[in-house]
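> need the 3D shape of this:
(2 chains)
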Amino acid sequence: MAKPGRASRKTRSTAGGELHALRTRAAALARRAAALRVAQAALRESEARYRTLSDRSIQGICIHRDFIILFANPALATMFGFESPEALLGLDLRRALALDERTRLEGYHAARLHGEAAPLRYECEATRHDGTRIWVEVMASIVSWAGKPAVLGTVVDITARKRVEGLAAAQVRVLEMIGSNVPLPRLLEELTRTIEAHADGMLASILLLDEDGLHLRHGAAPSLPEPYVRAIDGIAIGPSVGSCGTAAYLREPTVASKIQCDPRWADYRDLALAHGLQACWSTPITSADDRVLGTFALYYREPREPGLWELKLIEIATRLARIAIEHHRTEEERASLAELVREAPDAIVSVDTQGRFRTFNPAAERMSGYRAGEIIGTPFSEVGLLDAPSLARAAHNFQRALAGEHRHPSELTIVRKDGSLLPLEANLRLIRRDGDVAGMQVTLRDVTNRRQAEAALRASAERYRLLFERNLAGVFRVGSDGRLLECNPALAQLLGYPSPESMRAINARDLYVDPADRQRLLARLQSDETVTNHEVRWRRADSTTVWVLLNVRQMVEGISTWREGIAIDITDRKRAEEAAREAAALRTVAHLANAAAHEINNPLTTVIGRLDMLAQRLPDGSKERDLVAKARAASDRIREMVTRMHQITRIEYLIGPDEGLPPILDLRKSSDD
Amino acid sequence: VPAILVVDDEDDIRSFIQAALEERGYRVLATRDPQHALRIATQEPIHLLLTDVVMPLMKGTELARRLQAFSPSTRVLLMSAYTLLEATASGYTNLAKPFTADTLAERVQHVLDQPSPFARPRPQGGPSDG
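Numbering: from 1, shown residues only, chains lettered A, B, ... in the order given. Coordinates of the predicted model:
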């Protein structure tokens, strides 16, 4: 632009004759014209070069004066979402800036124009034509445009870098939250919000796999519609249960870019579409040991496939979710273990390798009467907590256990703070830190109750033994094969053996007079556990029989079975019953006999009386009188028989266990008479 | 002659007793019906009531009690084919069936010989030995 000026000054310095001057001038003009052509050609070439440079640049270039755009290249138009650079001309740059950015950049601009210091290079957030936001880095300098100063800005889109930086910062924030034990629901919500903030239009959701490993529970979904969240809370996982249920089931990412057409969404399609959800990509969250912990899902309100950025987000989210969930579970476990120690009925204490108390749980405080603060830091040998023999034993066991020897539980007596003694059982366990022995964990259990229980058990066993041995009834134990395992002296006596020991070889089946009695007993034991009042006849050692009443119980313990029972000798009762039965039968006979006697006596009176009268009327020695005498003798025999029958009426007084039948009823005796 | 009232529901026995006693000289009145017996006793003096114990209409002991209510001097001799526990308990002399005519006569005489609470003159011409 300065060249034309310089050319006219050179021309003016030329001198000579007019013609010569004219010729010279013409020649000069021709040279000048040629030079100008050359210069113009050079300028055109330069301009074309710069335009190409500007048009093809991937950096945005703009020239503005007081923020009104004078020039823009295609890259800038594309960066801000305009169709062509021309569409940008005349626009106010400040409208693309956030308010606070506007003030800052106006400040830079003013400083630059006044030759004051202003950053040559700065970052700012801007709004594109469609309203989405981008981060840009700008390099600004003052140039002359159409003879006036203007600002040349070179603009680079740094949105991706900013997102990555933001995401990294967000990850750090989430990790910090995990470290500071923020409750899991809040943590997961923060995580989903962080992810949502790093991409447009996505709704993030985390579901947690239930402890049963079969159902998904709500974890966090701050942007999903509440009714939808409720509806999928608790769904069972499966090969075709939307994106999340399927992802958890198949343990692989499940992308439904168009819910409407996705067969895995068949059962949930209407639900999702009713809430405007059109795409869902779900990824299983797996633990370090490869168990499914839950799913992380991104929903969209339009059909979409994940891009590289979204895949990156999903990867980060699932990693963070895994850390959060595992940390939470570990923390829960640690808390429950701590609670276990705190609430344990047993004293749980730990000591270091020098025997100094390191921890002392509340049960230990209760048992000893000391507060943890009084004890911790002091070696157990100096607290005065153990009586002398216990202390010696404890010190010995402690040293041996430190040396890696296994120690069985040992009993100690502690001296409580109030001086009373308490028996305890101590269990030692070595504590290792990074492979080195760091101390000993000691569990102490109050065995007062157990000692009492043991004493009671011993007493009870003794009583039972006496009951067994001194019982008047026979008590026995028989194996399932009938072998007599054990019996008391009373049974030996009942069966006529000198001692229980002498009955070892006996099998129960040989005892029964009638084997069917035993079969009936065993059959009843098949259906009932216990059989009572079973009356059988047993054979004694001397082959006599004895009636016994059996109460038998079938016993099962593990794989062994046996029968236990009590046998009572009821032979006397059986005899008395038999006698009573016979007496009742005899009474019936007696009544019959009495009635018969009456019926016989009346006519017999007539027969005897009439025969006597007849005899008196017949001459002595006559044949007729002899016949009457025979008839009379027969009548007397009848009378005598009836008289004996009378005696039956008193039969009940006569019958005793060893007395026989009255003669009248004893057919043998009667016929002998 | 002592009057003896014989009561038994068995006709054969009644006729045998009547024959045996009449043969020995007693006056015998006989009936099978206890009510009839009571009526007889109101119409003439009876020295001895000889009655069966077990009868369908009235027990012999009951008949004796009723009869003695209006004729206390009448003696009683019970007969029974049953065990005589009940008859013995009644306090009356008794005679077990069956019996011979001699035993009967001996018992009848024995009862008649017992002293009367009313000291009646002993009846003349007692039973003969023949």
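> can you name every helix or strand that the helix or strand hosting residue A:399 contacts?
Element membership for residue A:399 (DSSP states H and E) is helix A:388-402. Counting by 3 or more C-beta pairs under 8 Å, 6 or more residues apart in numbering or on different chains; DSSP states H and E, the packing neighbours recorded for helix A:388-402 are helix A:380-383, strand A:410-415, strand A:421-433, strand A:436-446. Placement of C-beta: from N, CA and C, glycine included.
> what about the strand or helix carrying residue A:591, average pLDDT?
Assigned by DSSP H and E, residue A:591 belongs to helix A:571-617. When pLDDT is averaged along helix A:571-617, the result is 85.
> enumerate every residue touching the residue of chain A found nearest chain B.
Residue nearest to chain B within chain A (C-beta to the nearest C-beta): residue A:601, separated by 3.4 Å. Going by C-beta atoms under 8 Å, 6 or more residues apart in numbering or on different chains, residue A:601 touches A:639, A:642, B:81, B:96-98.
> now render those as CSV, adding distance to residue A:363, pLDDT and neighbour count.
Listed next are these as CSV, based on distance: C-beta to C-beta, whole Å; pLDDT from 0 to 100; neighbours: other C-beta atoms under 10 Å in any protein chain shown:
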residue, distance to residue A:363, pLDDT, neighbour count
A:639, 103, 86, 21
A:642, 98, 82, 22
B:81, 99, 80, 25
B:96, 100, 85, 20
B:97, 103, 86, 26
B:98, 105, 87, 25
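> mind checking which of those residues are in strands?
residue B:96 (DSSP state E).
> show me the residue at the heart of the chain, geometrically.
Just going to use chain A. Computing the C-alpha centroid of chain A and ranking residues by C-alpha atoms, centre = their mean puts residue A:211 first, at 6.3 Å.
> sorry, I should have been clearer: chain B.
The residue lying closest to the centre of chain B (C-alpha atoms, centre = their mean) is residue B:50, at 1.5 Å.
> doesn't that residue fall inside a strand?
Yes. Under DSSP: H, G, I helix; E, B strand; the rest coil, residue B:50 falls within a strand.
> what pLDDT is listed against it?
Note for residue B:50: predicted pLDDT of 95.
> which residues of chain B lie near chain A?
Residues of chain B found near chain A (C-beta under 8 Å from any C-beta of the partner chain) are B:10, B:12-13, B:16-17, B:19-20, B:23, B:54, B:81-83, B:96-102, B:104.
> just the buried ones among those residues, please.
B:10, B:13, B:16-17, B:20, B:23, B:81-83, B:96-101, B:104 (16 or more other C-beta atoms under 10 Å in any protein chain shown).
> quick check: the farthest pair among the residues you listed?
Across those, the longest distance by C-beta to C-beta is 29.7 Å; it joins B:23 and B:83.
> what is the mean pLDDT for stretch A:460-470?
79.
> so what's the gap between that stretch and the chain middle?
How far stretch A:460-470 lies from its chain's middle: 46 Å, per C-alpha atoms, centre = their mean, to the nearest Å.
> what residues does it touch?
By C-beta under 8 Å, 6+ apart, stretch A:460-470 touches A:475, A:488-489.
> quick one: buried residues of that stretch?
Neighbour-count burial for stretch A:460-470 [16+ other C-beta under 10 Å]: residue A:468.
> stretch A:211-219 now?
Buried residues in stretch A:211-219 (16+ other C-beta under 10 Å): A:215-216, A:218-219.
> and if you look at stretch A:360-374?
So for stretch A:360-374, counting by 16+ other C-beta under 10 Å, buried means A:360-361, A:363-365, A:367-370.
> among those, which are in helices?
A:363-365, A:367-368 (DSSP state H).
> in JSON lines, list those residues along with distance to chain B.
Conversion of those to JSON lines gives the following (distance: C-beta to the nearest C-beta, whole Å):
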{"residue": "A:363", "distance to chain B": "90"}
{"residue": "A:364", "distance to chain B": "94"}
{"residue": "A:365", "distance to chain B": "95"}
{"residue": "A:367", "distance to chain B": "89"}
{"residue": "A:368", "distance to chain B": "93"}
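> quick one: the helices in the stretch 1-150 of chain A, in order.
Counting by DSSP state H, counting those that start in this stretch, residue ranges of the helices within the stretch 1-150 of chain A are A:3-12, A:18-56, A:74-79, A:99-113.
> contact partners for the residue nearest to the centre of chain B?
By C-beta under 8 Å, 6+ apart, the residues touching residue B:50 are B:4-7, B:17, B:77, B:79, B:108.
> can you do 10 Å?
B:4-8, B:14, B:17-18, B:21, B:26, B:28, B:30, B:60, B:75-79, B:95, B:104, B:107-108, B:111 (C-beta atoms under 10 Å, 6 or more residues apart in numbering or on different chains).
> residue ranges with poor pLDDT in chain A?
Low-confidence segments of chain A (pLDDT under 70): A:1-16, A:646-673.
> same check, this time on chain B
By pLDDT under 70, the low-scoring segments of chain B are B:83-88, B:116-130.
> from it, which residue is nearest to chain A?
At 3.4 Å from chain A, residue B:81 is the closest residue in chain B, using C-beta to the nearest C-beta.
> can you tell me the closest non-neighbouring residue to that residue?
Spatially, and ignoring its direct neighbours in sequence, residue B:81 is nearest to residue A:601 (3.4 Å; C-beta to C-beta, 6 or more residues apart in numbering or on different chains).
> what about residue 92, how many neighbours?
Reading this off chain A. If you count neighbours by other C-beta atoms under 10 Å in any protein chain shown, residue A:92 ends up with 12.
> wait, chain B was what I had in mind.
Residue B:92 has 20 neighbours, counted by other C-beta under 10 Å.
> what do you get for residue B:73?
As a burial measure, residue B:73 scores 13 neighbours (other C-beta under 10 Å).
> hang on, it packs against residue B:45?
Yes. Residue B:73 lies in contact with residue B:45 (C-beta atoms under 10 Å); the separation is 8.0 Å.
> hmm, back to that, would you mind measuring from the residue nearest to residue B:81 to residue A:137?
152 Å (C-beta to C-beta, to the nearest Å).
> break chain A down into its domains, please.
A:1-56, A:58-157, A:163-335, A:344-440, A:471-569, A:574-672 (automatic domain parsing).
> in contact with the residue nearest to residue B:12 when sequence neighbours are not counted, which residues?
Nearest non-adjacent residue to residue B:12, counting by C-beta to C-beta, 6+ apart: residue A:606, 4.1 Å away. By C-beta under 10 Å, 6+ apart, the contact list for residue A:606 reads B:10-17, B:97-98.
> circling back to that earlier point, just the ones of the contacts of stretch A:460-470 in helices?
Mapping the contacts of stretch A:460-470 onto helices (DSSP H) picks out residue A:489.
> any idea how far residue A:374 is from residue A:380?
As judged by C-beta to C-beta, residue A:374 and residue A:380 stand 13 Å apart.
> likewise for residue A:446?
For residue A:446, the distance to residue A:380 equals 18 Å [C-beta to C-beta].
> number of residues surrounding residue 43?
I went with chain A, as the question did not name one. Neighbours of residue A:43 (other C-beta under 10 Å): 13.
> switch to chain B, that's the one I care about
With other C-beta under 10 Å as criterion, residue B:43 counts 8.
> likewise for residue A:484?
Neighbours of residue A:484 using other C-beta under 10 Å come to 19.
> just residue A:210 next, same as before
Using other C-beta under 10 Å, residue A:210 has 14 neighbouring residues.
> from memory residue A:349 sits against residue A:380, does it?
Yes. Between residue A:349 and residue A:380 there is a contact under C-beta under 10 Å: 8.5 Å.
> which neighbours do these two share?
In contact with both residue A:349 and residue A:380: A:357, A:440, A:442, using C-beta under 10 Å, 6+ apart.
> what's the closest of those to residue A:453?
Nearest to residue A:453, judged by C-beta to C-beta, of the shared contacts of residue A:349 and residue A:380 is residue A:442 at 23.4 Å.
> may I have the beta-bridge partners of the closest one?
residue A:349, residue A:428 (DSSP bridges).
> pretty sure it contacts residue A:398?
Yes. Between residue A:442 and residue A:398 there is a contact at 8.8 Å, judged by C-beta under 10 Å.
> cheers, nothing more for now.
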